[in-house]
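1. output the structure for:
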Amino acid sequence: MTKTLKTFTVKQFAELWGLTERTVRQMVRQNHLVCFHVAGELYIQEPNWHQDGKTGTGTIEDLYILRGNEVADILGVTPRYIRYLVERGKLSCVYIKRHRRYNLTDVRRLIALKMQGTLERKKRSYTRDGVVLWARKRLSAMEEEIKKENQQNA
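-> Here you go, the predicted structure:
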């Protein structure tokens, strides 16, 4: 039994997945999508039919379509933290014309880690701990003085 392949034009594929036509063409050039030409028209095969050793399951989740700020919004962190995760090797990305794109599979894995509470966070470090401690003590002393003055005036 042969399966019928679902194919889309660039415009149809872009509308279906909420991408621009330019992004779809870039994904084709980078071999993220299977396509073929018929009578001068570019047709893209539906991603779940695509089996590639590099992408794994071949679904739309394996495509690098999310931007850094979108991933940050999903995870509830800053875009800088997303770049930090890439630098640490916790998140993979591809560059499309100097812009980083992230795939949905990695983002789902990070969501699961966040829900478990095992997503590592950068610890805030004070390089001048002595100065910080002094400032905290000084502020608390000033607050106590203000409270005393308010009690005496009342």
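2. and the helices in this protein, which stretches?
-> 10-17, 21-29, 68-75, 79-87, 104-116, 129-153 (DSSP state H).
3. now render those helices as TSV, adding mean pLDDT and distance to E46.
-> Backbone N, C-alpha and C define where each C-beta goes, glycine included. Formatted as TSV, the helices of the chain follow (pLDDT from 0 to 100; distance: least, C-beta to C-beta, whole Å):
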stretch	mean pLDDT	distance to E46
helix 10-17	86	9
helix 21-29	87	13
helix 68-75	87	23
helix 79-87	90	29
helix 104-116	85	16
helix 129-153	79	57
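4. quick one: contacts for the nearest residue in space to L85 that is not next to it in sequence?
-> In space, and not counting its chain neighbours, L85 is closest to L91: 4.1 Å by C-beta to C-beta, 6 or more residues apart in numbering. Each residue near L91 by C-beta atoms under 8 Å, 6 or more residues apart in numbering is listed here: 71, 82, 85, 102, 106, 110.
5. and those residues, which is closest to K11?
-> Nearest to K11 among the contacts of L91: Y102, at 24.5 Å, using C-beta to C-beta.
6. looking at strand pairing, list the partners for that closest one.
-> Beta bridges link Y102 to L66, C93 when assigned by DSSP bridges.
7. and the pLDDT for it?
-> Here the pLDDT value assigned to Y102 is 87.
8. that one and G68, how far apart?
-> Distance, Y102 to G68, by C-beta to C-beta, to the nearest Å: 7 Å.
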